[in-house]
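Chemist: Would you be able to build a 3D model of this:
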Amino acid sequence: MSDLADLFPGFASHWIDTAAGRIFARAGGSGPPLMLLHGYAQTNVMWHKVAPELARRFSLVIPDLPGYGWSDAPDAEPDHAPYTKRAMAAAMVEVMEKLGHARFALAGHDRGGRVAYRLALDNPGRLTKLATLDIVPTWHMWHDLDARLAYRIWHWTFLALPAPGPETVIGRDAVAWWDWKTAPGTKAKSLSAFDPRALAHYHAFFQDPRRLHATCEDYRAGRTTDLAHDEADRAAGKKIDCPLLALWGSSGIPSETRSPLDTWRAWARDVRGFAIDCGHYLPEENPAATAKALIEFFGDGV
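Modeler: Predicted coordinates for the structure are as follows:
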């Protein structure tokens, strides 16, 4: 993948050893530390449109999650670690510590948002602030599943099926599947919002059978271990202590659920947020509004 375009000019590249394998991350900018986590089926590259503006105010760390992009894709354990959100979150803490950031702000989109809120619950002293992009907690996604939401998130149940079923189906033409799965999630119902250079990054990693398997393990963890962790925290009344900004696309997945803000207020003590005019892929469909929202939130007292 050495011929792929560098979409973060001037940023450093790091390969960092963690309990979840070696993690690849881009780092750049100056100011308080801010980690940005990508979602399925993307890589660190999904932040490339908002990174230049954010880097003027923050020291950015933008990793590939375990199994994605250029990060390692270790074998999964019976509980699907290291693709559980708890294990991924622990790896992200290791990344930040090794880059000199014991306490930091965090934003996560899609699966990265699930890693982000799990990190906040498991490591309450680590975060100054938390932003989630186009998600509500995993507990609600499974327990509030109705006909409308099931139609929208059909891939949750498909990708969580036992191996090698999903891997075999997707692997027959991984690029075509990526495009077919992704386009309907945008407001335009097309790939027009994606920079072709970013698409090349996404397509390249998704054609690697080990990483394709890892992305399925991510969803298998979501159906089992991640859900169990959410259920335990909900039963204990555990809440996120740091301020939380919930952003979602006006045509995104949370728009198919109950009030996203009311949902997040059951999980965090200090919640604010709003919809952005786009589909699921906020930083690429509407980077200006996304960057503005993140700067206003993280720049206020971070």
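Chemist: got a list of contacts for whichever strand or helix holds Glu53?
Modeler: With the criterion set as DSSP states H and E, the secondary-structure element containing Glu53 is helix 51-55. By Cβ atoms under 8 Å, 6 or more residues apart in numbering, the residues outside helix 51-55 that reach it are 8, 11, 28-30, 34, 36, 47, 60, 62, 291, 294-295. (C-beta placed from N, C-alpha, C; glycine too.)
Chemist: The same query, at a cut-off of 7 Å, please.
Modeler: Residues outside helix 51-55 that contact it (Cβ atoms under 7 Å, 6 or more residues apart in numbering): 8, 28-29, 34, 60, 62, 291, 294-295.
Chemist: Kindly indicate which of the residues you listed lies nearest Ser255.
Modeler: Minimum separation from Ser255 among those (Cβ to Cβ) is found for Leu294, which lies at 19.6 Å.
Chemist: Show the contacting residues for that closest one.
Modeler: Residues in contact with Leu294, defined by Cβ under 7 Å, 6+ apart, are 54, 107, 131.
Chemist: how close does it sit to Ala150?
Modeler: According to Cβ to Cβ, to the nearest Å, Leu294 and Ala150 sit 31 Å apart.
Chemist: cool, and Val50?
Modeler: For Val50, the distance to Ala150 (Cβ to Cβ) stands at 31 Å.
Chemist: chain center to the helix holding Glu53, what's the gap?
Modeler: Centroid displacement of helix 51-55 relative to its chain, using Cα atoms, centre = their mean, to the nearest Å, is 18 Å.
Chemist: per-residue confidence averaged over that helix?
Modeler: For helix 51-55, mean pLDDT rounds to 98.
Chemist: so after that helix, what's the next helix or strand?
Modeler: Stepping forward along the backbone from helix 51-55, the first helix or strand reached (DSSP H and E) is strand 59-63.
Chemist: Name the residues that touch that following strand?
Modeler: Outside of strand 59-63, the residues within contact range by Cβ under 7 Å, 6+ apart are 23-36, 44, 47, 51, 54, 71, 92, 95-96, 99.
Chemist: OK, contacts around Ser190?
Modeler: Counting by Cβ under 7 Å, 6+ apart, Ser190 touches Ala183.
Chemist: 10 Å instead?
Modeler: By Cβ atoms under 10 Å, 6 or more residues apart in numbering, the contact list for Ser190 reads 179, 182-184.
Chemist: Wait, His155 touches Val169, no?
Modeler: No. Because the distance of 11.5 Å does not satisfy Cβ atoms under 10 Å, His155 is recorded as not touching Val169.
Chemist: Check whether Thr295 sits in a helix, strand or coil.
Modeler: You called it Thr, but residue 295 is Ile. Using DSSP: H, G, I helix; E, B strand; the rest coil, the structure places Ile295 in helix.
Chemist: gap between it and Asp195?
Modeler: When Cβ to Cβ is applied, the distance between Ile295 and Asp195 equals 21 Å.
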